[in-house]
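In: Could you work out the structure for the sequence below:
(2 chains)
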Protein chains: 2
Amino acid sequence: MSGEEDAKGSGEGVEDTHEAIMGATYRALCKHGYAHLTMQDIADEFDKSRPLLHYHYDTKDELMLAFVDNMIGWVGGQLARSDTEAPLDRMEAYIDGFVIDPGEEDRETFALALLELRVQAVHNDEFRSRLSRHYENNVGTVADIIADGIEAEVFREVDPDEVGEFVYTSLVGARMYQVTMGAQHASRRARDALAEFVVDDLLVDGRTTGEYSGEGW
Amino acid sequence: MSGEEDAKGSGEGVEDTHEAIMGATYRALCKHGYAHLTMQDIADEFDKSRPLLHYHYDTKDELMLAFVDNMIGWVGGQLARSDTEAPLDRMEAYIDGFVIDPGEEDRETFALALLELRVQAVHNDEFRSRLSRHYENNVGTVADIIADGIEAEVFREVDPDEVGEFVYTSLVGARMYQVTMGAQHASRRARDALAEFVVDDLLVDGRTTGEYSGEGW
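Out: Alright, predicted model coming up:
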């Protein structure tokens, strides 16, 4: 209660506090992963009072559910984001979004935390329903790109959902080995394989991704 | 000690006891998964005395390391196994080995246990080095098939390791969503996508996997 009033007192709304908590949770997950994460770790990343954090979330699980809800929208937005309408460019932006290059340790730890959450979800219905939605959104985003590409006659006729699922799950599979087994560059190699085998095959005019633009692909 | 003597007394060797323990561990993992697995669960699947189990392995982690070692050879053998020398048929057998169809609940639970072990491995060097070997073996098996196919002029020139890694990690990625999120048939759809996009593309004569044989692919 007092935390909420603190927030209002400092002229910030509930929205700002929510965003600040989500940001702190993200940073804590990037640093510590999920398994041994404590509320204290999150509080350490939160630049407001610890009581304010506890006012909003009693337990780590409760906070984590809110975080997954928040992430669904954010990651979906990131994956759908592209400066262009062109389906091939949007496809490239989507696939590139999954590549983790050497030195991006925060992103590795975060990907690992997500993996831990997925395993956790098997025995936790609320996590499961949230993460299922995350999965469906991520598949849906690339399926939309493929469907738009077919309509624009850039891609040949395929089932957008099936190809979209393959694109998404293959990227996640490669990332998993990269973050759990230290298979360096696995996500970049998966990206290159998708360009060569899937995206090239989708292009109706027999050109390859490499011929489409000098850069990017 | 007495357990070992029991085994010898009943006319069985250390090899048989080892195999029996590995079998019990496999069945216990299929039933219970890894996270909450206890030595008692394994003992319940072991048709010999519980002291004999404890004589060989003091802790669950110790047993689990032996199990992963054992699995590396067994899974590798299964994946490499095919009645034929033909690279395309061996490729099909390899990819089909990852499909989990509805009703195969034991295989789902086991795949999930493997996933839990991989996550665990991040913080456990011994698990990590064992599971890395498992990963390399699985990639190596399909890379060998591709290399043989190139030599036999069935497949076009590609980097066998890179394409092999993509085949393997994409299958594992799809299985992960099937077993954690209940994405039914995801592993079969990944198999079909690999046939359409990767294997068809590898075939030098422009035929498709479907045209090669009426059955199988």
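
In: Just the buried residues of stretch A:194-205, please?
Out: A:Leu194, A:Ala195, A:Glu196, A:Phe197, A:Val198, A:Val199, A:Asp200, A:Asp201, A:Leu202, A:Leu203 (16 or more other C-beta atoms under 10 Å in any protein chain shown). In short, each C-beta sits where N, CA and C put it, glycine included.

In: from the residues you listed, which are also near chain B?
Out: Among those, proximity to chain B is found for A:Phe197, A:Val198, A:Asp201 (C-beta under 8 Å from any C-beta of the partner chain).

In: From those residues, pick the one nearest A:Ser170.
Out: A:Val198 (8.4 Å; C-beta to C-beta).

In: Next, report how far the host helix or strand of A:Ile21 is displaced from the centre of its chain.
Out: Taking DSSP states H and E as the definition, A:Ile21 sits inside helix A:14-32. Mean C-alpha position of helix A:14-32 versus that of the full chain (C-alpha atoms, centre = their mean, to the nearest Å) differs by 15 Å.

In: And that helix, what does it pack against?
Out: helix A:2-9, helix A:39-45, helix A:50-56, helix A:60-80, helix A:105-121 (3 or more C-beta pairs under 8 Å, 6 or more residues apart in numbering or on different chains; DSSP states H and E).

In: Contacts for it, please.
Out: A:4, A:7, A:37, A:41-48, A:52-53, A:56-57, A:63-64, A:66-67, A:70, A:106-107, A:109-110, A:113 (C-beta atoms under 8 Å, 6 or more residues apart in numbering or on different chains).

In: Of all pairs in the buried residues of stretch A:194-205, which one spans the longest distance?
Out: Greatest spatial distance among the buried residues of stretch A:194-205 (C-beta to C-beta): A:Leu194 and A:Leu203, at 12.9 Å.

In: Common neighbours of those two, please.
Out: Joint contacts of A:Leu194 and A:Leu203 (C-beta under 8 Å, 6+ apart) do not exist.

In: What residues of stretch A:122-132 count as buried?
Out: A:Val122, A:Phe127, A:Arg128, A:Arg130, A:Leu131, A:Ser132.

In: From A:Ser129, how far out is the closest residue to the last one other than its chain neighbours?
Out: Excluding the flanking residues, the one nearest A:Ser132 by C-beta to C-beta, 6 or more residues apart in numbering or on different chains is B:Met181, at 4.9 Å. Using C-beta to C-beta, to the nearest Å, one obtains 10 Å as the distance from B:Met181 to A:Ser129.

In: OK, contacts around the residue of chain A found nearest chain B?
Out: Residue of chain A nearest chain B, by C-beta to the nearest C-beta: A:Gly173 (2.2 Å). For A:Gly173, the contact set (C-beta under 8 Å, 6+ apart) comprises A:Ala190, B:Thr169, B:Ser170, B:Leu171, B:Val172, B:Gly173, B:Ala174, B:Met176.

In: Look up which helix or strand the closest residue to the first one other than its chain neighbours falls in, please.
Out: It refers to A:Ala190. Leaving aside its sequence neighbours, A:Ala190 sits nearest to A:Ala174 (C-beta to C-beta, 6+ apart; 3.5 Å). A:Ala174 belongs to helix A:160-181 when assigned by DSSP H and E.

In: tilt between that helix and helix B:160-181?
Out: Compare the direction of helix A:160-181 with that of helix B:160-181 by axes from the mean of the first three to the mean of the last three C-alpha atoms, to 10 degrees and you get 100 degrees.

In: what is the mean pLDDT for helix A:160-181?
Out: Mean pLDDT, helix A:160-181: 96.

In: and the direction of it versus that of helix A:105-121, what angle?
Out: Using the same axes, to 10 degrees: helix A:160-181 against helix A:105-121 is 110 degrees.

In: domains of chain A?
Out: A:1-58, A:60-212 (automatic domain parsing).

In: how near is the residue nearest to A:Ser132 to B:His32?
Out: 20 Å.

In: How about A:Arg175?
Out: Where B:His32 is concerned, A:Arg175 sits at a distance of 28 Å (C-beta to C-beta).

In: Could you check which of the two is surrounded by more residues?
Out: Between A:Arg175 and B:His32, counting by other C-beta atoms under 10 Å in any protein chain shown, A:Arg175 is the more crowded of the two (25 against 17).

In: For the more buried one, which non-adjacent residue is closest in space?
Out: A:Ser187 (4.8 Å).

In: give me the element the one you found is part of.
Out: Here A:Ser187 is assigned to helix A:186-193, by DSSP H and E.

In: circling back to that earlier point, can you dump the C-alpha coordinates of the helix holding A:Ala174 into PDB?
Out: Only the C-alpha atoms of helix A:160-181 are listed here, as PDB (Å, rounded to 0.1, in the frame of the first residue of the first chain):
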ATOM      1  CA  PRO A 160       2.400 -20.400 -43.600                       C
ATOM      2  CA  ASP A 161       1.700 -22.000 -40.100                       C
ATOM      3  CA  GLU A 162       3.700 -25.100 -40.800                       C
ATOM      4  CA  VAL A 163       6.700 -23.400 -42.400                       C
ATOM      5  CA  GLY A 164       6.500 -20.700 -39.700                       C
ATOM      6  CA  GLU A 165       6.600 -23.300 -37.000                       C
ATOM      7  CA  PHE A 166       9.700 -24.900 -38.600                       C
ATOM      8  CA  VAL A 167      11.500 -21.600 -38.800                       C
ATOM      9  CA  TYR A 168      10.800 -20.700 -35.200                       C
ATOM     10  CA  THR A 169      11.400 -24.100 -33.600                       C
ATOM     11  CA  SER A 170      14.700 -24.700 -35.600                       C
ATOM     12  CA  LEU A 171      16.000 -21.400 -34.400                       C
ATOM     13  CA  VAL A 172      15.100 -22.100 -30.800                       C
ATOM     14  CA  GLY A 173      16.700 -25.600 -31.100                       C
ATOM     15  CA  ALA A 174      20.000 -24.100 -32.200                       C
ATOM     16  CA  ARG A 175      19.900 -21.500 -29.500                       C
ATOM     17  CA  MET A 176      19.300 -24.200 -26.900                       C
ATOM     18  CA  TYR A 177      22.600 -25.900 -27.800                       C
ATOM     19  CA  GLN A 178      24.400 -22.600 -28.000                       C
ATOM     20  CA  VAL A 179      23.300 -21.600 -24.400                       C
ATOM     21  CA  THR A 180      23.400 -25.000 -22.700                       C
ATOM     22  CA  MET A 181      26.300 -26.800 -24.400                       C
END
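
In: I am finished for the moment; much appreciated.
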